[in-house]
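Colleague: Give the three-dimensional model of this entry:
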Amino acid sequence: MARTENKEMAREAKVTLKVVGGLLKKHGSRLAAEDRARIADAVGMLESARNAGQPTVLRAALDEVERLYQMHLHRYRKSTAREYVESIGWAVIVALILRAFVIEAFKIPSGSMIPTLLIGDHIFVNKFVYGLRIPWTFYKFWEFSKPRRGDVIVFIKPDEPDKDFIKRVVGVAGDVVEVRGGELYVNGRIQPRKEKGDYSYPEFEEYGQRWVEVKNKLFAETIDEVTHEILVRHSWIPPPDSSFAVKNGTVFVMGDNRDNSSDSRSWGLVPLDHVKGKAMFIWWSMGGKDGFRFKRLFTWIG
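Modeller: Numbering: from 1, shown residues only. As a prediction, the model looks like this:
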């Protein structure tokens, strides 16, 4: 019985030393010099008694430290509830700062970026790479770099400011982007692509309330030095040739699912101050007929 009591007293001494020592270090400067010295001496005696393993001396040292704690340091001890609240509060503040300026999660809502991104992919977006902007505004107060051809970016849709879109940059300021016979040209140069075979994906048909297979041709396309995959529909009649001049302060974007994408070809250029960040990697993927897609986890987006 005595041995159990001694162990309990030793544990109590360990906790007391941690609590009182921490409070003395943090708030000792607020105390009178003589009170601070008295507490420091008592803490030293408690440490010695704990190491010596003398129960009677240890009990007396514990009582003395407890008495001085109640007299001088008790008021500085936060309640457990307050400590939890403050910890949670700081965690929330840090999370909000990270979300506003550094990284943000984004869910892929449509098939416009298939095969690079599938419906139900959850990705992280680097908001820091292009600079810092005031949250919920279009004002960027610090610019590090600008989107480059080949980057996959998340941006605020110009004609619908309540919606975020994700597409690939194919043209930057000063470029002339052309689509001829369904193929992409930038500044008069065709962007090389190599056919890789067929690619089909399931799409839910709203009016028929059923899943249908959408058949495409899969190509590896290279824009500058960025090689990525794109889809072109089977039995699809290319739209008329078109040409677009990219103005200063804007980028031209297209979806990798070229024949199933609403992008700059239909609603125009994306102002740089609408760009929220660059897509980084997939951290979760679930959707459609596939359910959970384990193999897509932590896939980098390029």
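
Colleague: Wait, A173 touches F252, no?
Modeller: No. The criterion here is Cβ atoms under 8 Å, and A173 misses it with F252 at 9.6 Å. For every residue, glycine as well, the C-beta is placed using N, CA and C.

Colleague: who has more neighbours, these two?
Modeller: The neighbour comparison of A173 against F252 (other Cβ atoms under 10 Å) goes to F252, with 26 against 15.

Colleague: wait, isn't the more buried one in contact with V169?
Modeller: Yes. Here F252 lies in contact with V169, judged by Cβ under 8 Å, at a distance of 7.2 Å.

Colleague: C-terminal to the helix ranked longest in the chain, what's the next element?
Modeller: If you go by DSSP state H, the chain has its longest helix at helix 2-27. Going down the chain from helix 2-27, the next helix or strand is helix 33-52, by DSSP states H and E.

Colleague: Residues in contact with that following helix: which ones?
Modeller: For helix 33-52, contacts defined as Cβ atoms under 8 Å, 6 or more residues apart in numbering pick out 10, 13-14, 16-17, 20-21, 24, 28, 31, 57-58, 60-62, 64-65, 68-69, 71-73.

Colleague: same thing but at 7 Å, please
Modeller: 10, 13, 16-17, 20-21, 24, 28, 57-58, 61-62, 64-65, 68, 72 (Cβ atoms under 7 Å, 6 or more residues apart in numbering).

Colleague: got it, and stretch 131-148?
Modeller: With Cβ under 7 Å, 6+ apart as the test, stretch 131-148 has contacts from 100-101, 129-130, 153, 169, 172, 251, 272-275.

Colleague: backbone phi and psi for G131, please?
Modeller: Phi and psi for G131, reported as degrees, to the nearest 10, are phi 130, psi -180.

Colleague: Same check on the one 3 residues further on?
Modeller: Phi and psi for I134, reported as degrees, to the nearest 10, are phi -70, psi 130.

Colleague: Over to G171?
Modeller: The phi and psi values for G171, taken as degrees, to the nearest 10, are phi -150, psi 140.

Colleague: ditto for Q191
Modeller: In terms of degrees, to the nearest 10, the main-chain angles of Q191 are phi -90, psi 110.

Colleague: hey, what's the closest residue to it other than its chain neighbours bridged with?
Modeller: Nearest residue to Q191 in three dimensions, chain neighbours excluded: L184, at 4.6 Å (Cβ to Cβ, 6 or more residues apart in numbering). Here L184 shows beta-bridge partners V179, assigned using DSSP bridges.

Colleague: how far away is L184 from P238?
Modeller: Note on L184: its distance to P238, by Cβ to Cβ, to the nearest Å, is 12 Å.

Colleague: Bridging across strands, which residues link to the nearest residue to I114 once chain neighbours are set aside?
Modeller: Nearest non-adjacent residue to I114, counting by Cβ to Cβ, 6+ apart: N257, 4.5 Å away. Counting by DSSP bridges, N257 is bridged to L231.

Colleague: quick one: the strands in the stretch 101-250 of the chain?
Modeller: Using DSSP state E, counting those that start in this stretch, the strands assigned to the stretch 101-250 of the chain run over residues 103-107, 121-126, 131-133, 140-143, 152-156, 164-171, 176-180, 183-186, 189-190, 193-205, 210-223, 226-233, 242-245, 250-254.

Colleague: Now for the residue nearest to I114: which residues touch it?
Modeller: With Cβ under 7 Å, 6+ apart, N257 has these contacts: 111-114, 231.

Colleague: Next, the angle from the longest helix of the chain to helix 33-52.
Modeller: Interaxial angle, helix 2-27 versus helix 33-52 (axes from the mean of the first three to the mean of the last three Cα atoms, to 10 degrees): 150 degrees.
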